[in-house]
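J.: Provide a 3D model corresponding to the input given below.
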Amino acid sequence: MLTDRCRHFACLFFVGVLSLAILHGKEVHGEESLPWPDRNGPQFNGSASAKDAANLPIKWSETENVAWKIPLEDQGHSTPVIGEGRIWLTAATPDGTKQFVYAIDEESGEILIHKLLFENADPEPLGNNINTYASPSCVLEEGAAYVHFGSYGTAKLNSTSGDVIWTRRDIEGRHFRGPGSSPVLFKNSLILTFDCIDRQFLVSLDKETGETLWLTERTTDYDDLDENGLPKREGDLRKAYSTPGLIEVGDRVHLVSAGSRAAFGYDAETGEEIWTITHDDYNAAARPSFFQGNAIINTGSRNANLLCVRLDGTTQGNVDDSHVLWDRPRGNSRLATPLLHDGLIYMVTDNGVAICIDAETGEEVWTDRVGGTFVASPIIANGNIYFCNEEGETIVIKAGREFEILSRNTLDEGMRASPAIANGAIFLRTFGHLYKIKRSDESPSK
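T.: Next up is the predicted model:
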């Protein structure tokens with residue numbers, strides 16, 4: 001467990017550490033020939049390419065800069081992913097008995113594919129009013145779309161025809177409050193995360209066949225067992241929703257994954273556990289990000305810590321007392337993934353407080369209330385940051401050390417899915433519609 005003494009020592013030691021000749025990691029990116037192939041974009045960090053961000057609007061409404069708006073059936077909070085001229089997302093009936101995948105023409109908004117993938121006779125109740133049975137996002141590569149609904153099923157589809165290439169429905173776990181972790185592509189594999197209340201593990205599938213390559217159980221000590229070796233109660237204490245990040249460290253690629261009560265670094269090739277750091281929180285949802293080869297990890301739950309963990313050849317075993325460069329113990333986002341850009345971390349709390357901190361020191365640069373309730377993760381394009389809330393408002397701020405709101409843009413419905421960017425347009429999934437926001441030739445606004 002992290003101690004105050006350890007945190008104090010780590011902060012003092014940080015500047016000296018950076019001056020050492022340490023081999024820092026290189027981030028692993030998605031298929032950058034596709035504009036938004038992953039829930040966090042082509043670089044897994046919420047950043048759009050210069051080409052796709054060109055001429056992007058910062059102002060819109062129901063009547064301004066909307067290229068098209070289409071209704072979506074059923075429910076889902078999966079973020080749109082975009083490639084080969086198509087937008088992919090998932091949906092499910094409110095009771096979880098049917099789960100669907102959509103493919104939508106990026107230019108026209110025409111629904112090209114609306115396919116029923118899985119039927120479930122007796123889905124586990126969600127137990128909350130935030131999640132849905134279609135919250136994990138798809139992931140794309142050229143020629144293929146990978147669709148994931150947690151333990152309810154995973155599928156690979158031909159991204160042109162929509163034909164199903166393979167499915168897996170035998171990977172079991174009790175999600176309790178529904179699935180949330182999205183799949184990750186790495187070389188020849190599709191990596192899935194299952195932080196359920198009965199089991200916590202990661203599994204790598206051969207992306208061509210769907211067969212299991214490796215499965216690694218979490219080694220977390222939850223300290224919650226009774227005299228019979230069973231958890232004292234079911235619930236959130238073992239549950240998490242985070243999607244892993246990938247980073248090269250020396251000659252290995254670390255799969256950095258935040259779970260309940262601990263975060264881990266695994267060898268992405270083999271699933272071998274390389275390192276772990278313990279914490280007091282649960283329900284981790286934010287994806288790890290990276291700065292100067294180090295991992296920025298949000299621990300989740302009401303008191304979410306934000307940690308910077310040094311990654312190098314010495315990061316092995318338990319690193320609680322050795323590799324924490326800084327620890328921000330409170331005032332952090334809980335659900336939305338922090339955005340890292342030009343040495344600054346931007347985040348927004350559930351209740352609408354925007355925060356900027358220095359990624360090198362963990363010190364606060366500014367904080368300001370923007371208002372609203374936030375689950376969606378922020379993204380950045382052209383130096384502008386987009387925050388989308390449950391009230392249907394997108395607040396656009398200027399990236400930098402001074403807080404500056406550029407615009408507030410309101411739609412008729414709220415958002416829990418994160419925005420996506422492709423070819424000069426922003427794609428927003430609200431509770432019942434998908435919007436393409438694109439600057440019109442007639443619009444006087446930017």
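J.: residues in contact with the closest residue to Asn283 other than its chain neighbours?
T.: Nearest in space to Asn283, with sequence neighbours left out and distances taken as C-beta to C-beta, 6 or more residues apart in numbering, is Gly300 at 4.5 Å. Quick note: C-beta positions are derived from backbone N, CA and C, even for glycine. By C-beta atoms under 8 Å, 6 or more residues apart in numbering, Gly300 lies in contact with 240, 242, 258, 260, 281-286, 334.
J.: And for Lys156?
T.: Here Lys156 is in contact with 144-147, 164-167, 190, 207, 210 (C-beta under 8 Å, 6+ apart).
J.: mind redoing it with 7 Å?
T.: By C-beta atoms under 7 Å, 6 or more residues apart in numbering, Lys156 lies in contact with 144, 146, 165-166, 207, 210.
J.: ok but it is inside a strand, no?
T.: Yes: assessed with DSSP: H, G, I helix; E, B strand; the rest coil, Lys156 lies in a strand.
J.: one step back: out of the contacts of Gly300, which comes closest to Asn423?
T.: Using C-beta to C-beta, Ala286 is the member of these that lies nearest Asn423, at 27.7 Å.
J.: quick one, phi psi at the closest residue to the closest one other than its chain neighbours?
T.: Among residues not flanking Ala286 along the chain, Asn298 sits closest, at 3.8 Å (C-beta to C-beta, 6+ apart). Dihedral pair for Asn298: phi -100, psi 130, per degrees, to the nearest 10.
J.: pretty sure Asn298 contacts Gly331?
T.: No: using C-beta atoms under 7 Å, Asn298 is not in contact with Gly331, being 12.0 Å away.
J.: Tell me which of those two has more neighbours.
T.: Neighbour count, other C-beta atoms under 10 Å: between Asn298 and Gly331, Asn298 has more, with 29 against 15.
J.: Any idea what the more buried one is bridged to?
T.: Leu306 (DSSP bridges).
J.: any idea of the pLDDT on it?
T.: In this model, Asn298 is scored at 96, pLDDT.
J.: Repeat that for Glu32.
T.: Value for Glu32, per-residue pLDDT: 64.
J.: and the closest residue to Lys398 other than its chain neighbours, how many neighbours does it have?
T.: Leaving aside its chain neighbours, Lys398 sits nearest to Glu404 (4.3 Å; criterion: C-beta to C-beta, 6+ apart). Glu404: 11 surrounding residues under other C-beta under 10 Å.
J.: Glu404 and Pro125, how far apart?
T.: 44 Å (C-beta to C-beta, to the nearest Å).
J.: And for Arg252?
T.: Distance, Arg252 to Pro125, by C-beta to C-beta: 40 Å.
J.: who has more neighbours, those two?
T.: Of the pair Arg252 and Pro125, Arg252 is the one with more neighbours under other C-beta under 10 Å, namely 18 against 11.
J.: ok, for that one, nearest residue in space, not its chain neighbours?
T.: Using C-beta to C-beta, 6+ apart, the closest residue to Arg252 is Asp267 (5.5 Å).
J.: Just give me the neighbour total for the one you found.
T.: The burial count for Asp267: 16, using other C-beta under 10 Å.
J.: That one reaches Ser257, doesn't it?
T.: No: at 11.9 Å, Asp267 does not count as touching Ser257 under the criterion of C-beta under 7 Å.
J.: For Asn65, give its distance to Asp441.
T.: From Asn65 to Asp441 the distance is 11 Å (C-beta to C-beta).
J.: Among these two, which residue is more densely surrounded?
T.: The neighbour comparison of Asn65 against Asp441 (other C-beta under 10 Å) goes to Asn65, with 22 against 4.
J.: For the residue most central in space within the chain, report the pLDDT, please.
T.: The centroid of the chain falls nearest to Arg287 when counting by C-alpha atoms, centre = their mean (4.6 Å). On pLDDT, Arg287 comes in at 97.
J.: ok, now how distant is it from Ser418?
T.: Taken as C-beta to C-beta, the span from Arg287 to Ser418 is 10 Å.
J.: what stretches of the stretch 301-446 of the chain score poorly on pLDDT?
T.: 442-446 (pLDDT under 70).
J.: what are the ranges of the strands in it?
T.: Ranges of strands in the stretch 301-446 of the chain, per DSSP state E, counting those that start in this stretch, are 306-309, 317-318, 324-328, 339-341, 344-348, 353-358, 364-369, 379-381, 384-388, 393-398, 405-410, 420-422, 425-429, 433-438.
J.: I appreciate the help and will end here.
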